[in-house]
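Trainee: Below are the sequence and a predicted model; questions follow.
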Amino acid sequence: MNPLRIHEHFASLQDPRVERRKLHQLMDVVIIALLAVIAGADGWEDLEDFGETRHDWLGTFLRLPNGIPSADTFRRVFEALDPGEFQRGFFGWMGELCESLRGKLLAIDGKTARGSFAKEAGQGPLHIVSAWVQENALVLAQLAVEDKSNEIVAIPKLLELLDLRGATVTIDAMGCQKKIAAAIVDKGADYVLALKDNQATMCEEVKEFFTHAEAGGWRDTPHTFDETADKGHGRLEMRRVWASSAIDWLDPRHEWKGLRSIVMVERTRSVGEQTSCERAYYITSHAAEAAALSARIRGHWSIENTLHWTLDVTFHEDQSRIRSKNGVQNFAALRKLALALLKRDASMPKLSIPRKRKRAARLDDYLLAVLCGRATP
């Protein structure tokens, strides 16, 4: 890919500006913004500063008919761009990098853009639900909702955007809904859904099943078991997983399309003399294979530990004061695409994402290689 090939992914992107205001090419604005975010930009002024300091270099592959856009121009363009159109371009690009979802884990979870509230307009912070491919470390789609409770509405819309065939979709308790499970199965995928108070009766029945089976030493309960341990930095974490397909007793099982197994996960964490233990429960359309289910359940948290943590700590998303709904969504897409491209860089596997961003800020050749997917060993 070269920088100009990016146009292919945005062929349908409509320029929202009136003709007399089009002093800068739309794709120039988009490409400069993406390069700037890869290189450490966090806001509109950063985009302008990046462009001004890289003007001559950018001019070797961009048109720049009127120089570098101002911070206000970047802001107005991204606030006016339709998030659906903009994200179709970016996430179509991500889909090309990801290729097929077959055999992969797609984790769905939401994150609140805490700095996006606007008191004077009565606008609370936006909550953005993302679909994260663990194996490729990239986001395939995102949707913004007004608050976390609306994830239930957003998740089916998100699923509709994706070709899920052969994937395993993992969602926390908020998304443990019959319609969502059916939508996943109807699209040729499997699910692993966390079971908590939102399905209180079913959760209690599953908990009682495992309690009874454990009390009986598992003698009369068909099941599989897996145990793993992690040790480091003065802590020890044990994970024990039991899975069973003996669910004929479960009254609502027929209401959950594709339901095959139930799962209990026990996490025991020891730090010094302090020990804590918690149990969590899941339902799944997969067979009761404890080791495989343990890996999938643990894999779900990569969306929190790899995506959300990095967006906050490295890309400073929670500190951003971009407030317009379109601006919040479109800049969030820029961050996620920048993160995916930086993770895809295999030329320096030992470098952290912050160090890669600093390197991109210093070296034009490296920055362009990351954008074009050429930063390989």
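Mentor: Structure received.

Trainee: In three-state terms, label residue 23 for me.
Mentor: Following DSSP: H, G, I helix; E, B strand; the rest coil, residue 23 is assigned to coil.

Trainee: Quick check, residue 306 in contact with residue 137.
Mentor: Yes. Contact criterion C-beta atoms under 8 Å: residue 306 and residue 137 qualify, at 6.3 Å. (Each C-beta comes from the backbone N, C-alpha and C, glycine too.)

Trainee: and residue 324, how far is that from residue 123?
Mentor: According to C-beta to C-beta, to the nearest Å, residue 324 and residue 123 sit 9 Å apart.

Trainee: can you map out the strands along the protein?
Mentor: Under the criterion DSSP state E, the chain contains strands at 105-112, 127-133, 138-145, 168-171, 190-195, 224-232, 235-244, 261-271, 274-284.

Trainee: I'd like those laid out as JSON lines, including mean neighbour count, mean pLDDT and distance to residue 21.
Mentor: JSON lines is the format used below for the strands of the chain (neighbours: other C-beta atoms under 10 Å; pLDDT from 0 to 100; distance: least, C-beta to C-beta, whole Å):
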{"stretch": "strand 105-112", "mean neighbour count": "23", "mean pLDDT": "95", "distance to residue 21": "33"}
{"stretch": "strand 127-133", "mean neighbour count": "24", "mean pLDDT": "95", "distance to residue 21": "29"}
{"stretch": "strand 138-145", "mean neighbour count": "22", "mean pLDDT": "92", "distance to residue 21": "26"}
{"stretch": "strand 168-171", "mean neighbour count": "27", "mean pLDDT": "98", "distance to residue 21": "42"}
{"stretch": "strand 190-195", "mean neighbour count": "24", "mean pLDDT": "98", "distance to residue 21": "47"}
{"stretch": "strand 224-232", "mean neighbour count": "13", "mean pLDDT": "92", "distance to residue 21": "55"}
{"stretch": "strand 235-244", "mean neighbour count": "18", "mean pLDDT": "95", "distance to residue 21": "56"}
{"stretch": "strand 261-271", "mean neighbour count": "19", "mean pLDDT": "96", "distance to residue 21": "55"}
{"stretch": "strand 274-284", "mean neighbour count": "16", "mean pLDDT": "96", "distance to residue 21": "52"}
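
Trainee: looking at the ones you listed, which is closest to residue 50?
Mentor: Smallest distance to residue 50 across the strands of the chain (C-beta to C-beta): 22.8 Å, for strand 138-145.

Trainee: So what's the gap between that closest one and the chain middle?
Mentor: Centroid displacement of strand 138-145 relative to its chain, using C-alpha atoms, centre = their mean, to the nearest Å, is 6 Å.

Trainee: Can you name the residues in contact with that strand?
Mentor: Strand 138-145 has contacts (C-beta atoms under 8 Å, 6 or more residues apart in numbering) with 83, 87, 91, 94-95, 97-98, 101, 106, 110, 126-133, 151, 153-154, 157-158, 161-162, 307, 325, 328-329, 332-333, 336, 339-340, 343-344.

Trainee: ok, residue 78 touching residue 325?
Mentor: No. Under the contact definition of C-beta under 8 Å, residue 78 does not touch residue 325, with a separation of 11.2 Å.

Trainee: higher neighbour count, those two?
Mentor: Shown here are residue 78 and residue 325; by other C-beta atoms under 10 Å, residue 78 has more neighbours (26 against 16).

Trainee: More neighbours: residue 324 and residue 123, which one.
Mentor: Applying other C-beta under 10 Å to residue 324 and residue 123 shows that residue 324 carries more neighbours, namely 19 against 15.

Trainee: Enumerate every residue touching the closest residue to that one other than its chain neighbours.
Mentor: Using C-beta to C-beta, 6 or more residues apart in numbering and skipping the chain neighbours, the partner closest in space to residue 324 is residue 79 (4.5 Å). Going by C-beta under 8 Å, 6+ apart, residue 79 touches 324, 326-327, 330.

Trainee: Kindly recompute the last result at 6 Å.
Mentor: Residues in contact with residue 79, defined by C-beta atoms under 6 Å, 6 or more residues apart in numbering, are 324, 326-327.

Trainee: Okay, and which of those map to helices?
Mentor: Among those, DSSP state H puts 326-327 in helices.

Trainee: From the contacts of residue 79, pick the one nearest residue 235.
Mentor: Closest approach to residue 235 among those (C-beta to C-beta): residue 327, at 40.6 Å.

Trainee: My understanding was that the closest one contacts residue 78; is that so?
Mentor: Yes. Using C-beta atoms under 6 Å, residue 327 is in contact with residue 78, at 5.3 Å.

Trainee: residues shared between the contacts of the two?
Mentor: Counting by C-beta under 6 Å, 6+ apart, residue 327 and residue 78 have no contacts in common.

Trainee: Got the confidence number for residue 323?
Mentor: What the model reports for residue 323 is a pLDDT of 85.

Trainee: again with the one 4 residues further on
Mentor: Per-residue confidence for residue 327 comes out at a pLDDT of 94.

Trainee: what's the spacing between it and residue 288?
Mentor: 46 Å.

Trainee: likewise residue 363?
Mentor: Relative to residue 288, residue 363 is positioned 51 Å away (C-beta to C-beta).

Trainee: Which one's more surrounded, the two?
Mentor: Applying other C-beta under 10 Å to residue 363 and residue 288 shows that residue 288 carries more neighbours, namely 20 against 13.
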